[in-house]
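[1] Sequence first, predicted model second:
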Amino acid sequence: MNRPRPAGRTRHPAVALLLAALLLTAAAAPPAAAADTVDAIRDRQWGLLALRAEEAWGTTQGDGVTVAVLDTGVDDTHPDLAGQVLGGADLIGMGAGRGDRAWARHGTAMAGIIAGHGHGANRSQGVLGIAPQAKILPVRVILEEGDPGRAKARESKGGALAEGIRWAADHGADVISMSLGDDSESAHHEAAEDEAVQYALAKGVVVVASAGNSGKQGDPVSYPAAYPGVIAVAAVDRRGRKAAFSTRNWYATVSAPGVDVVIADPDRSYYEGWGTSAAAAFVSGSVALVKAAHPGLSPAQVKKLLEDTASDTPPGGRDDSRGHGMADPVAAIQAAEGLRPERPVPSPVAAGRPYFGPGPEPARAPGRGDRFAAVGAAAAGVALLALALVLARRPRRPGSG
């Protein structure tokens, strides 16, 4: 793996945003150069251009929407996120803490992609997120790869993701962003996680997850991306091509930038990373824009909007590499103008007429004649049984049967 370098000094991908491991690499790096201004950082944020962020900001910047970042924690003191991070939850309760190198690197990077607002004069320094006025609700559900408590947490906190989804849904999240997943050989459907996702969807919360970083390892299924109702995001490069590492699978909904993405780090440096983690964060921010413009839309409506309005659609309308194409928040916001908001879960409506018919005639109580008939049938049955026993006892002749 390449060592990370400040984004102000190199354009090479340096940090692996690995899906299963959720790491940002723990190797140290010098502080970013003082020239980390709009020219050094903003010009490299090609993802904002690809997603037409400035055009979307003419309508909304995500104000009033809360995005829960289920990850390794978020540094709420980072200058690019100051004032945007709400009080969250730590569902791991062990491992590295604030100030340690192995704390909140991945989560902070994802939060910056979603809701970074820059800093300095006219906010010209640092990173801008796709929804810079959205709020971040941090929920710590996993530890960084370099965290000394990671092994123990994996053994004792296996239910943290399901718990985190429910916690976020109960504490004001409009969107749940999960730049994480399990696509290892032991990965499998977890009923508790699936049920938590359905719980969130039923409360009107849009759920987003990264599709996986195993495009060179056979494209295994990744969870939670594969759970029903989740917006699963694949990664593309600057030319809109599927990133080589991005998992190709049936559940891909849309794609987003995932190569050479500028990310903020708690050490106050900026790095360039790659992964479907970054792509999922971009789409989570895009959903925040849609929800801010059209707050009443259900998760199913938002997902279909992203599918129907995606740009650079593959032949046939969809494929497993890029889903329905590149997410386009501007087109989604515009298309939503003609939609009537729906309830997250359809309300039951009484049928206008019987669907299965009136059913069988009710059985009448047996009369006296019926009782005599039943007694006679029983007596006949006993007689037949006796005859069968007599025949069974007769000796069989050689060659018979």
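    Cool, got the structure.
[2] From now on I want contacts and neighbour counts done on CA atoms only, so please keep to that.
    OK.
[3] Pull up the gap between the nearest residue to Ser222 once chain neighbours are set aside and Val290, please.
    Leaving aside its chain neighbours, Ser222 sits nearest to Asp183 (4.3 Å; criterion: Cα to Cα, 6 or more residues apart in numbering). Going from Asp183 to Val290 by Cα to Cα, to the nearest Å gives 30 Å.
[4] what's the neighbour count on Thr77?
    12 (other Cα atoms under 10 Å).
[5] got it, and the one 10 residues further on?
    The burial metric for Gly87, expressed as a neighbour count using other Cα under 10 Å, is 9.
[6] Check whether it really touches Pro138, as I assumed.
    Yes. The criterion here is Cα atoms under 8 Å, and Gly87 meets it with Pro138 at 7.2 Å.
[7] So which residue is dead centre in this protein?
    Ala209 (2.6 Å; Cα atoms, centre = their mean).
[8] Wait, a strand at that residue?
    Yes. Assessed with DSSP: H, G, I helix; E, B strand; the rest coil, Ala209 lies in a strand.
[9] ok, Glu337 - contacts?
    His294 (Cα atoms under 8 Å, 6 or more residues apart in numbering).
[10] Where does Val233 sit, in terms of helix or strand?
    Using DSSP states H and E, Val233 sits in strand 231-236.
[11] Val139 too?
    Here Val139 is assigned to strand 135-140, by DSSP H and E.
[12] Between its first and last residues, how far does stretch 196-207 reach?
    11 Å.
[13] Could you do stretch 79-97 as well?
    Terminal-residue distance, stretch 79-97 (Cα to Cα): 19 Å.
[14] same question, stretch 146-164
    Across stretch 146-164, the terminal residues are separated by 22 Å (Cα to Cα).
[15] Also stretch 80-89?
    21 Å.
[16] Report the buried residues of it.
    Using 16 or more other Cα atoms under 10 Å as the burial criterion, the residues of stretch 80-89 that qualify are 80-81, 84-86, 88-89.
[17] Check stretch 121-132 too.
    Buried residues in stretch 121-132, counted by 16+ other Cα under 10 Å: 124-132.
[18] can you tell me which of those lies nearest to Ile176?
    Nearest to Ile176 out of those is Ala131 (Cα to Cα; 14.1 Å).
[19] Asp183 and Val290 - which one has more neighbours?
    Comparing Asp183 with Val290 by other Cα under 10 Å, the one with more neighbours is Val290, at 29 against 22.
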